[in-house]
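Trainee: Give me a 3D structure for the following:
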Amino acid sequence: MIKGNKKQQLSKSFILSKISSYDVFKFYMPNNNWQVNVVTHSPFRDERTPSFLIGTKDSVDSLSFIDFGDTKFKGDCFTFVMQLYNISNFVDVLKKIDVDFGLGVTKGSDTGKYKKIITNYVKPEIKAKDYSFIQVKTRKFTNLELSYWNDYYQDVDDLKANNVHSIAEVYLNKKRIVLNDNELRFGYLYDGNWKIYRPFSDRKWKWMPNNVPITAMDGMDDIKDCHTAFITKSKKDYMVMKKIFPTVCAVQNEGVACFSYDNVEYITDNSEKQILSFDSDTTGVNNSIDITNMFGFDYCNVPKKYLPEGINDWADLAKGHGLRVIEDYLINKSILK
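Mentor: The predicted model follows:
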């Protein structure tokens with residue numbers, strides 16, 4: 001008896017032996033600008049604030065997704081296709097991927113009948129950066145600069161430990177930026193990338209264009225098997241709170257895009273409780289609520305009674321009223337013991 005070739009069975013393992021989960025997400029995601037571990041716009045609805053994440057735990061071959069705006073949308077790449085096209089039969093999901101990628105197992109299947117939940121997806125506008133490369137020349141801290149940081153309880157050793165530098169010159173795409181000789185300007189260094197801070201400059205240039213990754217964080221090494229992770233929104237807040245709270249970290253700003261899949265997973269895996277702390281103005285409070293709802297964090301902002309004084313973050317509260325006021329407030333809120 002002559003045995004024929006065994007027919008290839010269609011399965012998840014077969015598909016992933018031919019293509020990766022990244023290939024599947026890349027093929028079906030309507031938004032071509034998404035990146036692994038960076039929050040982007042959801043393909044399941046039109047939205048203004050990004051709430052969708054494709055992330056990896058171990059390798060690109062184990063990508064999964066979650067929609068923080070509606071967490072019933074989550075799972076692996078196969079679940080993504082099933083939910084995106086509203087397919088009820090998992091076998092049809094496998095067939096669709098097989099046909100769309102031309103893997104050769106499925107014959108004559110009408111997988112084109114499935115339509116995406118959103119067919120009129122509008123790709124978000126991505127503004128091109130007008131910069132790409134920052135170089136600096138550093139110098140010793142001036143007395144004026146040291147006085148500035150002393151108001152926030154930071155000395156030279158603190159500045160060095162937190163990669164804060166005094167800046168003599170800044171070059172943007174190799175073009176020198178004119179700086180006032182008496183102007184305070186500092187460079188925050190993140191893995192070779194510079195972020196330039198000019199505290200008394202106008203709003204447009206207070207933060208010069210930079211190429212620091214939006215997901216870069218301060219203090220992650222301190223978040224390890226701890227009870228509470230206290231998450232602030234700036235390096236200066238982080239440096240001040242570090243004087244009081246042993247397990248503090250900081251994101252780059254108050255946007256949800258700062259929270260990568262890996263960072264959120266690391267923080268939640270290494271702490272029993274997570275407290276988000278943004279500015280106490282309207283924007284800061286609203287962002288705190290949105291992000292804590294996404295990730296299941298708690299939040300604690302600077303008391304609003306200090307707003308009339310122009311104080312809405314921890315650094316300015318320390319400068320205006322001292323570290324003890326912050327410490328007492330956190331003890332009263334049962335955050336600090």
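Trainee: Where do the strands of the stretch 1-150 of the chain begin and end?
Mentor: Per DSSP state E, counting those that start in this stretch, the stretch 1-150 of the chain carries strands over the ranges 52-56, 63-67, 74-76, 134-139.
Trainee: any chance of those in TSV, with distance to V170 and mean neighbour count too?
Mentor: Heads up, the C-betas are built off the backbone N, CA and C, glycines and all. As requested, the strands of the stretch 1-150 of the chain are exported to TSV (distance: least, CB to CB, whole Å; neighbours: other CB atoms under 10 Å):
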stretch	distance to V170	mean neighbour count
strand 52-56	34	21
strand 63-67	38	21
strand 74-76	43	15
strand 134-139	5	15
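Trainee: Adding mean pLDDT and distance to Y22, write these out as JSON lines.
Mentor: JSON lines is the format used below for the strands of the stretch 1-150 of the chain (pLDDT from 0 to 100; distance: least, CB to CB, whole Å):
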{"stretch": "strand 52-56", "mean pLDDT": "83", "distance to Y22": "9"}
{"stretch": "strand 63-67", "mean pLDDT": "86", "distance to Y22": "6"}
{"stretch": "strand 74-76", "mean pLDDT": "87", "distance to Y22": "12"}
{"stretch": "strand 134-139", "mean pLDDT": "89", "distance to Y22": "30"}
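Trainee: Show me the one of these that comes nearest P213.
Mentor: Nearest to P213, of all those, is strand 134-139, at 13.3 Å by CB to CB.
Trainee: now for that closest one, which elements pack on it?
Mentor: Other helices and strands packing on strand 134-139, by 3 or more CB pairs under 8 Å, 6 or more residues apart in numbering; DSSP states H and E, are strand 164-172, strand 193-197.
Trainee: cutoff 6 Å now
Mentor: Counting contacts by 3 or more CB pairs under 6 Å, 6 or more residues apart in numbering; DSSP states H and E, strand 134-139 is packed against strand 164-172.
Trainee: what's in contact with the helix or strand following the strand it packs on?
Mentor: Next in sequence after strand 164-172, counting helices and strands by DSSP states H and E, comes strand 175-177. Here strand 175-177 makes contact (CB atoms under 6 Å, 6 or more residues apart in numbering) with V170.
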